[in-house]
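**Q** Coordinates for the following, if possible.
(one chain, ligands or ions: 1)
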Amino acid sequence: MATKNIVVVGAGFAGVYATKRLAKHFKRNADVQITLIDRHSYFTYLTELHEIAANRVEEDAIQYDLQRLFGRRKNVKLVTDTVTTIDRVNKQVVTAHGSYPYDYVMLGIGSEPNDFGTPGVKEHGFTLGNWESAIRLKEHVKDVIRRGATEHDPELRKALLSIAVVGSGFTGTETIGELRDWRDELAKENKIDPEEITFNLIEMAPTIMNMLDRKDADKAERYMQKRGINIMKSTGVVGVHDTYVDLKDGSTFPTATLIWTAGVKATDQAAQFGLQQGRAGRILVNKQMESQDDPDIYVVGDVSLVDEDGTGKGQPQIVQGAEATAQAALSNIEAKIENKPSVEFKPNYSGFMVSLGSRYGVANLMGWMHLSGFFAMLMKHLVNMLYFCQIYSGYYLFQYFMHEFFRTKNDRNLMRGHISRQGNVLWTIPARLFLGAMWLVDCWGKIQGSGSWFTDKLRLPFAWLQTAATSGASAAGADATTAASGAEATKTATKAVFSLSYEYGNDPMPVFSQMPKWMYDITKTLIPNQDVALFMQKTMTIIEILVGLALIAGLFTWLSSAATVALIATFCLSGMFYWVNIWMIPMAIACMNGSGRAFGLDKWVVPYLQKTFGKWRYGTPKSLYGSDVVK
Ligand SMILES: Cc1cc2nc3c(=O)[nH]c(=O)nc-3n(C[C@H](O)[C@H](O)[C@H](O)COP(=O)(O)OP(=O)(O)OC[C@H]3O[C@@H](n4cnc5c(N)ncnc54)[C@H](O)[C@@H]3O)c2cc1C
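**A** Just a heads-up that it's a prediction; the model follows:
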């Protein structure tokens, strides 16, 4: 087969999804090459833009580097460039700095805000359509609140401290909800009464959030009202100025921050491809996702328009739509290459989720399950995480967890900050050293003297080994402090007392006086006879010494602490561990907070390993891919 070139334009929700799947499908077919072109070196997770704009997550949290996503796929070539046109005669995708031959193109260049030509939006208003616009909005909000806080003129002060969003769709409501979450922090930083900062949602229709079921929309409305958001229905904005907006009824409304979210249209560049466009500039496609002018050009995501019902409205411009269109297009490209029958676009919308800040949302799943508050937000996170599974990115799934749950500021996460509290790891150094020392103290008795575990004397106290030992080997189990067998413990510890000290209780109380049956079976399988037992007792002692030394040196502290938890849990289940020493588990968990980074070797070793491993696995992330100017 002659080489087939598939060029995917746009690394958004649709493009990344399709490229991942195509790359996997053709991974053993060297005749198929895939080129992914985007104007950025990263995929922007657009559905979280409002979190950037309202300062909930770090600015780079929603930029997912393409090399990290595709570094393992040798059949994908990444190009950072802007596509300007498609030369259909010579079958080339033309970019600002080069051109790429194609057999099939998948065009997924997304959408952009539509201000319907409203005067002043471009000059004085704000939109939320890409990463840059989110940063611009964030900086502006910080600036106006700072200026408003020191403004003496009451009219101007009011306008500076008033934030208005036009449009109550997904973007508008999520943005106003998120900005409201930021209010108290902004007020504190600028030493003003939080009530002075006002939030206004302006909607032309008589009801808000009309993409939702009325019941869900009403719930969301009540929540917003409770949070003091001023909802202005049946209100049209017809002009935007520096510190006020013109309303349709002839009045004005004071605000220096007008965020326009009242509509989306295909990216302006869609017009450059010479393909037929429908409503809002979206490129018309058939049910196979082929453009109506060229069957080798597939159009997916927000920029495509499948006129399923003949109304010209098209499929919704949401992530599920992007995935469904990409799925149909990629299946058809595969089918063409492999001479299989084509498939039709099958929309599958499992529901809608809208967040109003970090802790509250409403969701409608499968049309019948209505959720609100914590569970709706949880569902939204699960859906976001599902996308990372669909594009096979464990790395970014982990990063998502980190930035959404563990590294958020000012309690702005689903768990109200309980899982993102940051502290100085210095405080756990004593715990780390003590824990390490305890392992060494414990092992000291096992490596020397009459109680040494490095002789041919059996020290493991398990009953089946003792039976086997009657032929000659001495029955161990005598080491009461470290290895009281469950069976023996029940026999000898007649008055086992739960206590924090040996003296208080007559006998220390084992966590389990007898092994649970399943543990018994596993242990007996792993250590069936004395030879294995002798080997194991020596190996275990060496592991304990290594764990102790690692903790003291602060080397691989997370792993050493995890090993401590695992070992103690195993000892407990083996009937060999007492309640008085169970503190080792919580102490080891405490040391997992990066304790080895302060006065420990992890300070140098962990960053070195991360860098080396990252480079080996993904290569070096770059600002431009596929360009000769980058070394
Ligand atoms: C603030 C906000 C909140 C949203 N919230 C939700 C939500 O909660 N749920 C939901 O389902 N949907 C939501 N959406 C909509 C959702 O993000 C889009 O439907 C989805 O991103 C569409 O995916 P796409 O692949 O078509 O385009 P995009 O994800 O926009 O990707 C397009 C890509 O094309 C690239 N590109 C564009 N032009 C060119 C060019 N000429 N050359 C090279 N590259 C180019 C861009 O850089 C971009 O990477 C939200 C959108 C926004 C803006």
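**Q** Contacts made by the strand or helix carrying W558 with the rest, please.
**A** Assigned by DSSP states H and E, W558 belongs to helix 557-573. Residues from elsewhere that reach helix 557-573 (CB atoms under 8 Å, 6 or more residues apart in numbering): 432, 435-436, 439, 511-512, 515-516, 519, 543-544, 547, 550-551, 577, 581-582, 584-585, 588-589, 591-592, 594-597, 600, 602. Any C-beta I mention is one placed from the backbone N, CA and C, and that applies to glycine too.
**Q** Go ahead and build a ChimeraX selection from the buried members of the residues you listed.
**A** Buried subset of the contacts of helix 557-573, written as a ChimeraX selection, criterion 16 or more other CB atoms under 10 Å:
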select :432,435,436,439,511,512,515,519,544,547,550,551,577,581,584,585,588,591,592,594,595,596,597,600,602
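**Q** what kind of secondary structure is the residue nearest the centre of the chain in?
**A** Closest to where the C-alpha atoms of the chain average out (CA atoms, centre = their mean) is Y400, at 1.5 Å. Recorded secondary structure, Y400: helix (DSSP: H, G, I helix; E, B strand; the rest coil).
**Q** contacting residues around it?
**A** Contacts of Y400 (CB under 8 Å, 6+ apart): 384-385, 388.
**Q** One more: V605?
**A** V605 touches 555-556, counting by CB under 8 Å, 6+ apart.
**Q** any idea which element it lies in?
**A** Per DSSP H and E: helix 602-618 holds V605.
**Q** Alongside the ligand, which residues does the stretch 1-150 of the chain contribute?
**A** Proximity of the stretch 1-150 of the chain to the ligand (CB under 6 Å from any ligand atom) is limited to residues 9-15, 37-40, 44, 46-47, 49-50, 82-83, 108-110, 128-129.
**Q** Mind giving me the ChimeraX select for the residues you listed, buried ones only?
**A** Entered in ChimeraX, the line below selects the buried ones among these, by 16+ other CB under 10 Å:
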select :9,10,11,12,13,14,15,37,38,39,40,44,46,47,49,50,83,108,109,110,128,129
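**Q** Mind checking what helix or strand follows the worst-scoring helix or strand of the chain on mean pLDDT in sequence?
**A** Ranking every helix and strand in the chain by mean pLDDT, DSSP states H and E puts helix 486-492 at the bottom, with a mean of 43. Sequence-wise, the next helix or strand downstream of helix 486-492 (DSSP H and E) is helix 517-526.
**Q** Report the mean per-residue pLDDT for that following helix.
**A** For helix 517-526, mean pLDDT is 95.
**Q** try stretch 166-184
**A** The model assigns stretch 166-184 a mean pLDDT of 97.
**Q** which residues touch the helix ranked longest in the chain?
**A** With secondary structure taken from DSSP state H, the chain has its longest helix at helix 530-553. With contact meaning CB under 8 Å, 6+ apart, helix 530-553 is reached by 432-433, 435-440, 442-443, 446-447, 453-454, 456, 458-460, 462, 465, 468-469, 473, 526-527, 556-557, 559-561, 563-564, 567, 591, 596, 600-601.
**Q** and if you look at stretch 333-343?
**A** 4, 6, 22, 25-26, 32, 104, 106, 288, 298, 328, 331-332.
**Q** and the end-to-end length of it?
**A** 10 Å (CA to CA, to the nearest Å).
**Q** Okay, buried residues for it please.
**A** Those buried within stretch 333-343 under the rule 16+ other CB under 10 Å are 333-334, 336-337, 342-343.
**Q** mind listing which of the residues you listed are in strands?
**A** Assigned to strands by DSSP state E, none of these qualify.
**Q** With pLDDT added, can I get those in JSON lines?
**A** Formatted as JSON lines, the buried residues of stretch 333-343 follow (pLDDT from 0 to 100):
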{"residue": "I333", "pLDDT": "98"}
{"residue": "E334", "pLDDT": "97"}
{"residue": "K336", "pLDDT": "97"}
{"residue": "I337", "pLDDT": "96"}
{"residue": "S342", "pLDDT": "95"}
{"residue": "V343", "pLDDT": "95"}
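**Q** give me the subset of the residues you listed touching the ligand.
**A** Okay, of the buried residues of stretch 333-343, nothing touches the ligand (CB under 6 Å from any ligand atom).
**Q** residue contacts, whichever residue of the stretch 1-150 of the chain sits closest to the ligand?
**A** Nearest residue of the stretch 1-150 of the chain to the ligand: G12, at 1.7 Å (CB to the nearest ligand atom). For G12, the contact set (CB under 8 Å, 6+ apart) comprises 38, 43-44, 46, 108-110, 301-302, 322.
**Q** 10 Å - rerun?
**A** G12 sits next to 38, 40, 43-46, 108-111, 300-303, 319, 322, 326 when contact means CB atoms under 10 Å, 6 or more residues apart in numbering.
**Q** Next: W444.
**A** 451, 545, 548.
**Q** Please identify the helix or strand for H152.
**A** Using DSSP H and E, H152 falls outside every helix and strand.
**Q** The nearest residue to K287 once chain neighbours are set aside: how many residues sit nearby?
**A** In this structure, K287 finds its nearest non-sequential neighbour in E344, 4.2 Å apart by CB to CB, 6 or more residues apart in numbering. By other CB atoms under 10 Å, 12 other residues sit near E344.
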